[in-house]
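Student: Fold the following.
(2 chains)
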Amino acid sequence: MMFDTKTKTAGTASVRDGVGQPRLNEGGRAVGAVSVLSGRGVTLQYKTPDHLVVATYRVDFDVHASDRFVVLGPSGCGKSTLLKAVGGYIAPTEGEIRLKGELVRKPGPDRIMVFQEFDQLLPWKSVRENVTFALTESGRASGKAADERAMHYIEKVKLTKFANSYPHMLSGGMKQRVAIARAMAMEPEILLMDEPFAALDALTRRRMQEELLQLWDDTRFTMMFVTHSIEEAVMLSSRILLLSPHPGRVRAEFNSNGKDEIEPLTGQKLSVAINGLLFADQPEIEGDDHD
Amino acid sequence: MTDTAARRPAYIREVIDAGNYGTVEKPLTIWERAYRIEALRKAVLLVILAGAWQAYALHLNNSLLFPTFTETIQALWTNITTLGLLEKVWMSISVLARGYLIGLFLAATLTVLAMNTRIGRDLLEILTSMFNPLPAIALLPLALLWFGLGNQSLIFVLIHSVLWPVALNTHAGFLAVSNTLRMVGRNYGLSSLRLVMKILIPAALPSILAGLKIGWAFAWRTLIAAELVFGASSGSGGLGWFVFERKNDLDIPGVFAGLLTVILIGLFVEYVIFRRLEQRTVVRWGMQQ
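Tutor: Coordinates of the predicted model:
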């Protein structure tokens, strides 16, 4: 069989990299109140005009405070659908998703999504107005406080000079930085990132990944990041949830420190281990960085 | 099988100094700069068209069939000063504005309904496909029967001519708004009516403006035609009635003056009102060139 029903675990000792607070592990599950977001037996389905597609099947996961939780898998593993379910756009047909113990029922400003598409900014608002709009409409802040908070986060993504520009004047990378600033300004419980760098060129993507890590070092936000790139997952994550395709099922969870070191459970470099698991499941896996 | 002959040596070099290229920036000549101004280009075209009109009319030399540009301008001036042309223009525009605004309001109601309920959407689609092809002027005899010889009849046909194209365009614009933007709106806690106001309307503004323009043109045409065909609907009558009267008096320069007024108002609305609206919104936001 391709899928073990038993979960192998690399001991109970935490292997979190030097940055996050040590995780209290017990067979990979959290003890205590550090879990911000949890999914239990999440099955997701969506309808195309002719089919009912099962996107994920009984997926479990826990995202802890300040985790850089990356959901990794080939196309068709339902990772984006899973993120949309966390965002509250899709209701699970089975299982449940809880944010700080509260059942997720609909979209809300406690989970802010950053999309892959560049058109997520409102074209009729300047960079600054895009951020303040989010703050005021959601009731997070208003008036001068909203503007100050917006400018603070715009500065964090190094776009102060472009605060009064409209989105159509910005490059793709800058637009994504605005989207990240807008999401961070909301100071949500969790940031949901749906392959936000996938539509960028390789050089810009690289820089954006480094900047995202710097931002994380600054504010230690909790994020759930979806990608199909092993390299990106290894670099950005503190924890990786590996999904197998058609439908998406949990294959493994790894700890990571961004340096692609030897993974204790497999004895291989993390990226090699992931590659092995994905190739074992799916012979014609898509290339790493092709979009 | 290494192909040594085709291998070229690699190199690294200092970049050449681009400062020696001479002029990097030079001012445009006055003609080049003038040509870049759209208003100026179009004004020149208008002058050329007026010149062609004048030349043809002089060549024809028959002011009963085709008065010259200068005769028309003279007639326009005398009609404004002595026959109260401006009052008639005002009559037409005030009726038009009432019909237009009521039409817009109804279109907005219909489309908001259509965005929020499935049955509302079906209703809008059925109604627009039924009534959009129906010429407003064809409804005028009925309207006169129902509402009598008055402004109500005109306003009724005006609403009909505005409502459907505006509703159709707005609805199409709403449907074309990207799913990402809707999801962003919902993420920040916007629901139904606020989502329409804050996300859908601005995002669909290019289509909405196109609908407003089409609605305006349809309304204006309908109004002039209705006045021409059915005469004064109340007391003094409007611009269409004025053209009709001038023709009855065989005052052809006066007829031309009336038509020229229609054209001038059309140019004004297009280039001053709508163009300015576009410049301040969709062009500034990069949603339209």
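Student: Tell me which residues are up against stretch B:162-175.
Tutor: B:99-100, B:103-104, B:106-108, B:110-111, B:114-115, B:121, B:124-125, B:127-128, B:131-132, B:196, B:200, B:203-208, B:210-212, B:214-216, B:218-219 (CB atoms under 8 Å, 6 or more residues apart in numbering or on different chains). C-beta: built from backbone N, CA, C; applies to glycine.
Student: right, and the secondary structure at the residue positioned nearest the centre of chain A would be what?
Tutor: In chain A, the centroid-proximal residue (CA atoms, centre = their mean) is A:Phe225; its distance is 1.4 Å. A:Phe225 falls in the strand class when you classify it by DSSP: H, G, I helix; E, B strand; the rest coil.
Student: so what's it bridging to?
Tutor: A:Val70, A:Met193 (DSSP bridges).
Student: cool, and A:Ser244?
Tutor: Beta bridges link A:Ser244 to A:Arg249, judged by DSSP bridges.
Student: tell me which element A:Val54 falls in.
Tutor: Per DSSP states H and E, A:Val54 falls inside strand A:52-64.
Student: tell me the contacts of the one residue in the stretch 51-200 of chain A that gets nearest to chain B?
Tutor: Proximity of the stretch 51-200 of chain A to chain B (CB to the nearest CB) peaks at A:His168, 2.6 Å away. For A:His168, the contacting residues are A:Pro123, B:Trp285, B:Gly286, B:Met287, by CB under 8 Å, 6+ apart.
Student: Can you tell me how far it is from B:Ala204?
Tutor: According to CB to CB, to the nearest Å, A:His168 stands 17 Å off from B:Ala204.
Student: The strand holding A:Val54 packs against which elements?
Tutor: strand A:29-30, strand A:35-47, strand A:68-72, helix A:79-87, strand A:94-99, strand A:239-244, strand A:249-255 (3 or more CB pairs under 8 Å, 6 or more residues apart in numbering or on different chains; DSSP states H and E).
Student: Could I get the ones you listed in JSON lines, plus columns for mean neighbour count and mean pLDDT?
Tutor: Output for the helices and strands packed on strand A:52-64, formatted as JSON lines (neighbours: other CB atoms under 10 Å in any protein chain shown; pLDDT from 0 to 100):
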{"stretch": "strand A:29-30", "mean neighbour count": "15", "mean pLDDT": "44"}
{"stretch": "strand A:35-47", "mean neighbour count": "19", "mean pLDDT": "89"}
{"stretch": "strand A:68-72", "mean neighbour count": "27", "mean pLDDT": "92"}
{"stretch": "helix A:79-87", "mean neighbour count": "24", "mean pLDDT": "91"}
{"stretch": "strand A:94-99", "mean neighbour count": "17", "mean pLDDT": "90"}
{"stretch": "strand A:239-244", "mean neighbour count": "24", "mean pLDDT": "90"}
{"stretch": "strand A:249-255", "mean neighbour count": "20", "mean pLDDT": "88"}
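Student: Adding distance to B:Ala6, write these out as JSON lines.
Tutor: As requested, the helices and strands packed on strand A:52-64 are exported to JSON lines (distance: least, CB to CB, whole Å):
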{"stretch": "strand A:29-30", "distance to B:Ala6": "60"}
{"stretch": "strand A:35-47", "distance to B:Ala6": "53"}
{"stretch": "strand A:68-72", "distance to B:Ala6": "41"}
{"stretch": "helix A:79-87", "distance to B:Ala6": "45"}
{"stretch": "strand A:94-99", "distance to B:Ala6": "59"}
{"stretch": "strand A:239-244", "distance to B:Ala6": "44"}
{"stretch": "strand A:249-255", "distance to B:Ala6": "45"}
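Student: rewinding a little: model confidence over the strand holding A:Val54, on average?
Tutor: For strand A:52-64, mean pLDDT is 89.
Student: how much does that strand deviate in direction from strand A:249-255?
Tutor: Going by axes from the mean of the first three to the mean of the last three CA atoms, to 10 degrees, strand A:52-64 is angled at 20 degrees with respect to strand A:249-255.
Student: Please point out which parts of strand A:52-64 sit buried.
Tutor: A:Val54, A:Ala55, A:Thr56, A:Tyr57, A:Val59, A:Asp60, A:Phe61, A:Asp62, A:Val63, A:His64 (16 or more other CB atoms under 10 Å in any protein chain shown).
Student: give me every residue that touches the first one.
Tutor: Put plainly, it is A:Val54. With CB under 8 Å, 6+ apart, A:Val54 has these contacts: A:Thr43, A:Leu44, A:Gln45, A:Gly78, A:Pro247.
Student: mind running it again at 7 Å?
Tutor: By CB atoms under 7 Å, 6 or more residues apart in numbering or on different chains, the contact set of A:Val54 is A:Thr43, A:Gln45, A:Pro247.
Student: Pick out the residue in chain B sitting closest to chain A.
Tutor: Counting by CB to the nearest CB, chain B gets nearest chain A through B:Gly286, at 2.6 Å.
Student: Under a three-state scheme, what state does that residue occupy?
Tutor: Secondary structure assignment for B:Gly286 (three-state DSSP): coil.
Student: Is there a neighbour count for it? I'd like the number.
Tutor: 14 (other CB atoms under 10 Å in any protein chain shown).
Student: Same question for B:Lys213.
Tutor: When counting by other CB under 10 Å, one arrives at 19 neighbours for B:Lys213.
Student: Kindly spell out which helices and strands sit in contact with the one helix or strand it maps to.
Tutor: Counting by DSSP H and E, the element that carries B:Lys213 is helix B:205-230. On a contact count with 3 or more CB pairs under 7 Å, 6 or more residues apart in numbering or on different chains; DSSP states H and E, helix B:205-230 meets helix B:85-116, helix B:136-147, helix B:151-175, helix B:239-248.
Student: Specify the local secondary structure of B:Leu190.
Tutor: Applying three-state DSSP: B:Leu190 is coil.
Student: scratch that, A:Ala91
Tutor: Assigned by three-state DSSP, the conformation of A:Ala91 is coil.
Student: ok, back up a step: in a markdown table: the contacts of A:Val54, plus distance to chain B.
Tutor: Formatted as a markdown table, the contacts of A:Val54 follow (distance: CB to the nearest CB, whole Å):
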| residue | distance to chain B |
| --- | --- |
| A:Thr43 | 22 |
| A:Gln45 | 19 |
| A:Pro247 | 22 |
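Student: could these go into TSV alongside distance to A:Pro92?
Tutor: Compiled in TSV, the contacts of A:Val54 are given as follows (distance: CB to CB, whole Å):
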residue	distance to A:Pro92
A:Thr43	6
A:Gln45	9
A:Pro247	13
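Student: Identify, from those residues, the entry nearest to A:Arg98.
Tutor: A:Arg98 lies nearest to A:Thr43 out of the contacts of A:Val54, by CB to CB, at 15.6 Å.
Student: For the closest one, which non-adjacent residue is spatially closest?
Tutor: For A:Thr43, ignoring the flanking residues on the chain, the nearest one in space by CB to CB, 6 or more residues apart in numbering or on different chains is A:Glu94 at 3.8 Å.
Student: surely that neighbour meets A:Gly39?
Tutor: No. Using CB atoms under 7 Å, A:Glu94 makes no contact with A:Gly39, being 11.2 Å away.
Student: Which pLDDT value goes with the residue nearest to A:Ile97 when sequence neighbours are not counted?
Tutor: Beyond its immediate neighbours in the sequence, the residue positioned closest to A:Ile97 (CB to CB, 6+ apart) is A:Val104, lying 4.5 Å away. For A:Val104, the pLDDT comes out at 87.
Student: who's in contact with the residue nearest to the spatial centre of chain B?
Tutor: Centroid-nearest residue in chain B: B:Lys213, 3.1 Å away (criterion: CA atoms, centre = their mean). Applying CB under 7 Å, 6+ apart, we find B:Lys213 in contact with B:Phe274.
Student: now with 10 Å?
Tutor: Contacts for B:Lys213 (CB atoms under 10 Å, 6 or more residues apart in numbering or on different chains) come out as B:Pro165, B:Val166, B:Asn169, B:Val269, B:Glu270, B:Ile273, B:Phe274, B:Leu277, B:Glu278.
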